[in-house]
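Q: Attaching a predicted model along with its sequence, questions to come.
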Amino acid sequence: DQQVKQNSPSLSVQEGRISILNCDYTNSMFDYFLWYKKYPAEGPTFLISISSIKDKNEDGRFTVFLNKSAKHLSLHIVPSQPGDSAVYFCAASLNTDKLIFGTGTRLQVFP
Amino acid sequence: DAGVIQSPRHEVTEMGQEVTLRCKPISGHNSLFWYRQTMMRGLELLIYFNNNVPIDDSGMPEDRFSAKMPNASFSTLKIQPSEPRDSAVYFCASSLTGQGNTEAFFGQGTRLTVV
């Protein structure tokens, strides 16, 4: 049973526009959410996170929004750049620090 | 710190052979995770150690898979016997838990191909 779901396997966005990546989860007890970015032949790297007590966290071009009632989080990238092209994973944790990941969304930013 | 170090980067083996993947976590980290990346399931947690003790191995697919962490600086994931469906990229990650931030740092992965 997939507790963290990323229903869009891929997304294509023009450079300079906004990229919105979505993630849904099933366990309302998750207390921490993270986004990771992965380039080919590399391990995932941490991008941004949000605690369940907040609904927004911003870091430069990256903003994560959390809607607890809908069990939904999203990552906004503005403006999108070609270097943002990668696979993005959302992850959730519950007390134990064990991270549960989604299946990933491949973002392609074209000129 | 060099980050999480995994070896080998690539492994090609024949079905039925034993495969051992190795991981050196970041010094000072107290949690270590083994993940497997597949198209269908994304990053799937196999097993999680805290202070060298296995805490949750519910993600280990079957008895052919085993993992050990004999000390704070080394862990292995073993598959015996290996099967073609085990082909995937295996990642090791480590973190410093209990600090309120569960960011995990990943190694570069081992791409396993079982033929």
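A: Yes, it's here. Every value quoted in this text rests on a predicted model; they were computed, and no experiment measured them. Numbering: from 1, shown residues only, chains lettered A, B, ... in the order given.
Q: Tell me how far the host helix or strand of A:Phe33 lies from the chain's centre.
A: Taking DSSP states H and E as the criterion, A:Phe33 maps to strand A:32-38. From the chain centre to the centre of strand A:32-38 is a distance of 5 Å (CA atoms, centre = their mean, to the nearest Å).
Q: Which elements pack onto that strand?
A: strand A:19-25, strand A:45-51, strand A:62-67, strand A:86-93 (3 or more CB pairs under 8 Å, 6 or more residues apart in numbering or on different chains; DSSP states H and E). Yep, even glycine has a C-beta here, placed from its N, CA and C like the rest.
Q: winner for burial among those?
A: Of all the helices and strands packed on strand A:32-38, strand A:86-93 has the most neighbours on average by mean count of other CB atoms under 10 Å in any protein chain shown, namely a mean of 24.
Q: hmm, who's touching it?
A: For strand A:86-93, the external contacting residues (CB atoms under 8 Å, 6 or more residues apart in numbering or on different chains) are A:3-4, A:6, A:21, A:23, A:25, A:27, A:30-39, A:44, A:47, A:73, A:75, A:99-107, B:42-43, B:102.
Q: Name every strand pairing with it and say which way it goes.
A: Applying DSSP bridges, strand A:86-93 is found paired with strand A:32-38 (antiparallel), strand A:99-101 (antiparallel), strand A:105-110 (antiparallel).
Q: Rebuild the ones you listed as a markdown table, extending it with mean neighbour count and mean pLDDT.
A: Output for the strands paired with strand A:86-93, formatted as a markdown table (neighbours: other CB atoms under 10 Å in any protein chain shown; pLDDT from 0 to 100):
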| stretch | mean neighbour count | mean pLDDT |
| --- | --- | --- |
| strand A:32-38 | 22 | 95 |
| strand A:99-101 | 24 | 90 |
| strand A:105-110 | 17 | 97 |
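Q: could the ones you listed be laid out in JSON lines, adding distance to B:Thr97?
A: Below are the strands paired with strand A:86-93 laid out as JSON lines (distance: least, CB to CB, whole Å):
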{"stretch": "strand A:32-38", "distance to B:Thr97": "11"}
{"stretch": "strand A:99-101", "distance to B:Thr97": "11"}
{"stretch": "strand A:105-110", "distance to B:Thr97": "27"}
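Q: closest one to B:Trp34 among those?
A: Nearest to B:Trp34 among the strands paired with strand A:86-93 is strand A:99-101 (12.0 Å), distances taken as CB to CB.
Q: quick one on the thing from earlier: got the helices and strands packed on strand A:32-38 as JSON lines, with mean pLDDT columns?
A: Listed next are the helices and strands packed on strand A:32-38 as JSON lines, based on pLDDT from 0 to 100:
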{"stretch": "strand A:19-25", "mean pLDDT": "97"}
{"stretch": "strand A:45-51", "mean pLDDT": "95"}
{"stretch": "strand A:62-67", "mean pLDDT": "98"}
{"stretch": "strand A:86-93", "mean pLDDT": "95"}
